[in-house]
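> what follows is a protein structure lacking sequence information:
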């Protein structure tokens, strides 16, 4: 890690300093309370879900009497017991809480068992195969199959610019290709859980591990036929979310709430990891088919591409995921003539959802694969081809109509090329491969340009509430949720900075729909941008009320006041302690609490035309990865990774560096080890536990991992000129995948383009090596219209 301590020590106040995560000590001591750690009142019941045994079928009958006879069972509920709307879908209301009439995927909740003990509830629910009577129907399990049949969860999307067909026809080189990338399980350490407690007067308190408390409040209210003000949702912290608890926590929240309401007793629903896999969705897998035209220098002249996402059985958040994928196909590159077609395929699998990056990685990965293939066909260094296609002055308008302002990609890449010693290492890799018949090295550099804001404009708003107590301590509550990413720490730093206090004097409390209403999800990397600004607004309102009193006591103008180190000073005085000022303000009946609000300015978006200004700014980054591949086993070792990432003027460099490192390894897992497999006949997800689904471990980390922050303040009025850090760095490990491809290419002739699929598991690596060792056709001699094999 590269941490400039001199810069941090010079920072005035808490903002911009590397301070510990507010719950760090609680995390390592085991004292941090998650939903399952909350005390269970006497009489608490436990729920489990009976799941569909078929990937697709017609529900004929339910033998719930069998389930009710099981030991410990108190009640069993099906769709007919839901008094309100049977829906947990966030946008199109097309996803039932409990199946009603049609079974859509293997693992779909069909009924809920409520028992005196969690294990007894699970045992009863496990009899679903005997209780469910259904007629099997043909199942569609792949996006390509659904696309061929015209089965979509929403109508296709199209985004174009220029004359791509005409330019493709006259391009010096033309290439038709196809590729695919798999999905990815969020694998949050704390599984899905909801704990519902009935309150007086037909009300409900719901403790829920969710990134979107307001949506849980609304969906529970709709399911019970209630108004939103009858449902209170709280979330102190989550043990990870990664997008998987944005919309997909709803089914568990609704079932727990239904049971608690019907039985007038507390009900907890905590699913097993296997059931979590079988019930919930994950990152969308994508299939790509493209035609591109380019010149002898590797410059893209025109492109047309189909992006086909596997959405699962319902829409969930697939529409905005596809919109973001289309808006990130350009990544860091100028595309003068382009046509993109997005198809959201409906399959009989779990409904795929948000995952860190939210379609952006799937969109940007396609152009990186294309540019890498162009470079190999021309015999050029892929980095050289990438740099020739970068956005630059005069060529800085995205296909969706937003200009790339404050573009850092060229200087950032140049700094990384120098600091990573890219040129010398490229020569070393070539020399090593020439002398090594079995072990091959690969090297790749990939850039990132990532837009920050929700594509849906109205979601870019946030509220906060700040209380100053008479002893000078401060409590802040905001609409964001803490899932380990340090949001509460950063928001507290912002408030402490504004009031001139040490961070220890500011505390962040649990997210609560009775404190901040109508919140947006903590997603799209906007948590600090939105909630930090809202909290700053609240703190500034309090500060403005205190300033006249402070100026009067210190005999100076309000503009001359300095708020720092727990004191308020004038130009010629020792100043006042903040608690003393607050105590006097209370006696003078000055309001010591305030709400704050923030709405991101300048955003507009036409979702029909896919045109507008959807992002407040862009975050940039780049990474160099060097790998070693064993061509006999397919095993891969990441020898070194250099990442340089743009977080603006960091609010907390230590937290931001941790976010970059974590995103890199998580993205590396998506592209190298995490493979999802469904049984081709039954439609059962075969990789539904750590024994079969391989997330990266400490041993998969780059042996030499060098991460640095670029350090350029944001060019817009973001919170303290910082930039988002949650999602953009997940694109940095594209460099790992393409370095593996580079190593595999060393097994073949010059200008070969290895057919490496993703994730690049050992099996995938061996398949690509074997394909190259068959009698190859060099790219230079290939037909003008070749199709890259899968």
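Okay, I see it. Given the structure is predicted, the values throughout are model-derived calculations rather than measurements.
> partners of residue 109 in the sheet?
residue 51 (DSSP bridges).
> likewise for the one 4 residues further on?
Taking DSSP bridges, one obtains residue 48, residue 76 as the residues bridged to residue 113.
> from residue 615, how far off is it?
For residue 113, the distance to residue 615 (CB to CB, to the nearest Å) stands at 45 Å. Glycine gets a C-beta too; all of them are placed from N, C-alpha and C.
> check residue 51 too.
Taken as CB to CB, the span from residue 51 to residue 615 is 39 Å.
> which of residue 113 and residue 615 has more neighbours?
residue 113 (31 against 25; other CB atoms under 10 Å).
> that one against residue 45, yeah?
No: the pair residue 113 and residue 45 fails to qualify as a contact (CB atoms under 8 Å) at a distance of 10.0 Å.
> for the stretch 601-750 of the chain, what spans make up the helices?
Assigned by DSSP state H, counting those that start in this stretch, the stretch 601-750 of the chain shows helices spanning 653-672, 734-745.
> gap between the longest one and the chain center?
The reference is to helix 653-672. Computed by CA atoms, centre = their mean, to the nearest Å, the chain-centroid distance of helix 653-672 equals 12 Å.
> packing partners of it?
Where contact means 3 or more CB pairs under 8 Å, 6 or more residues apart in numbering; DSSP states H and E, helix 653-672 is packed against strand 636-645, strand 704-709, helix 734-745.
> for this structure, which helix is longest?
The helix that spans the most residues within the chain, counting by DSSP state H, is helix 527-554.
> buried residues in the helix or strand just after that one?
Where DSSP states H and E defines the elements, the next helix or strand beyond helix 527-554 is strand 562-564. Applying a neighbour-count criterion of 16 or more other CB atoms under 10 Å, one finds 563-564 buried in strand 562-564.
> stretch 671-684 too?
671-676, 678, 683-684.
> in JSON lines: those, plus distance to residue 388 and pLDDT.
Output for the buried residues of stretch 671-684, formatted as JSON lines (distance: CB to CB, whole Å; pLDDT from 0 to 100):
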{"residue": "671", "distance to residue 388": "25", "pLDDT": "98"}
{"residue": "672", "distance to residue 388": "28", "pLDDT": "98"}
{"residue": "673", "distance to residue 388": "33", "pLDDT": "98"}
{"residue": "674", "distance to residue 388": "33", "pLDDT": "98"}
{"residue": "675", "distance to residue 388": "34", "pLDDT": "98"}
{"residue": "676", "distance to residue 388": "36", "pLDDT": "98"}
{"residue": "678", "distance to residue 388": "41", "pLDDT": "96"}
{"residue": "683", "distance to residue 388": "45", "pLDDT": "95"}
{"residue": "684", "distance to residue 388": "47", "pLDDT": "96"}
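> residue 493 contacts residue 654, doesn't it?
No: Residue 493 sits out of contact with residue 654 when judged by CB under 8 Å, with a separation of 11.6 Å.
> looking at those two, which is more packed in?
For the pair residue 493 and residue 654, the greater number of neighbours falls to residue 493 (28 against 18), based on other CB under 10 Å.
> from residue 170, how far out is residue 217?
57 Å.
> now do residue 388
20 Å.
> the two - which one has more neighbours?
residue 388 (18 against 10).
> point out where this protein drops to low pLDDT.
1-12, 775-790 (pLDDT under 70).
> circling back: redo the helices of the stretch 601-750 of the chain as JSON lines? Include distance to residue 421.
Formatted as JSON lines, those follow (distance: least, CB to CB, whole Å):
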{"stretch": "helix 653-672", "distance to residue 421": "19"}
{"stretch": "helix 734-745", "distance to residue 421": "15"}
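> just name the most buried of those helices.
Compared across the helices of the stretch 601-750 of the chain, helix 734-745 shows the largest average neighbour count, a mean of 28 (mean count of other CB atoms under 10 Å).
> tell me what angle that one forms with helix 653-672.
40 degrees (axes from the mean of the first three to the mean of the last three CA atoms, to 10 degrees).
> next secondary structure after helix 734-745?
helix 762-773.
> starting at the chain centroid, how far to that following helix?
31 Å.
> again, but for stretch 232-250
Counting by CA atoms, centre = their mean, stretch 232-250 comes out at 13 Å from the chain centroid.
> any idea how far residue 128 is from residue 110?
6 Å.
> who's more crowded, those two?
residue 110 (24 against 20).
> ok so, going back, could the buried residues of stretch 671-684 go into JSON lines alongside distance to residue 153?
Formatted as JSON lines, the buried residues of stretch 671-684 follow (distance: CB to CB, whole Å):
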{"residue": "671", "distance to residue 153": "25"}
{"residue": "672", "distance to residue 153": "29"}
{"residue": "673", "distance to residue 153": "29"}
{"residue": "674", "distance to residue 153": "24"}
{"residue": "675", "distance to residue 153": "24"}
{"residue": "676", "distance to residue 153": "19"}
{"residue": "678", "distance to residue 153": "18"}
{"residue": "683", "distance to residue 153": "17"}
{"residue": "684", "distance to residue 153": "22"}
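> just those residues now: which is nearest residue 348?
Nearest to residue 348 among the buried residues of stretch 671-684: residue 683, at 5.9 Å, using CB to CB.
> how about the contacts made by residue 252?
For residue 252, the contact set (CB atoms under 8 Å, 6 or more residues apart in numbering) comprises 192-194, 208, 269, 271.
> go on, residue 476?
So residue 476 contacts 464-467, 491-492, 495, 506-509, 535, 538 (CB under 8 Å, 6+ apart).
> what about residue 204, is that helix, strand or coil?
strand (DSSP: H, G, I helix; E, B strand; the rest coil).
> that one reaches residue 220, doesn't it?
Yes: if you go by CB under 8 Å, residue 204 and residue 220 touch, sitting 7.0 Å apart.
> which one of these two has more residues nearby?
Between residue 204 and residue 220, residue 220 has the larger neighbour count (other CB under 10 Å), namely 30 against 22.
> the residue nearest to residue 617 when sequence neighbours are not counted: neighbour count?
Excluding the flanking residues, the one nearest residue 617 by CB to CB, 6 or more residues apart in numbering is residue 716, at 4.8 Å. Using other CB under 10 Å, residue 716 is surrounded by 18 other residues.
> please apply the same query to residue 298.
If we define neighbours as other CB under 10 Å, then residue 298 has 22 of them.
> do I have it right that it meets residue 374?
Yes: using CB under 8 Å, residue 298 makes contact with residue 374 at a distance of 5.3 Å.
> now the common contact residues for the two.
By CB under 8 Å, 6+ apart, the residues touching both residue 298 and residue 374 are residue 385.
> on that earlier part again, ok, so of the buried residues of stretch 671-684, who is nearest residue 135?
For the buried residues of stretch 671-684, the nearest to residue 135 is residue 683 (15.2 Å; CB to CB).
> now do the closest one against residue 111, distance only.
20 Å.
> before we move on, what about residue 543?
Using CB to CB, residue 543 is found at 55 Å from residue 111.
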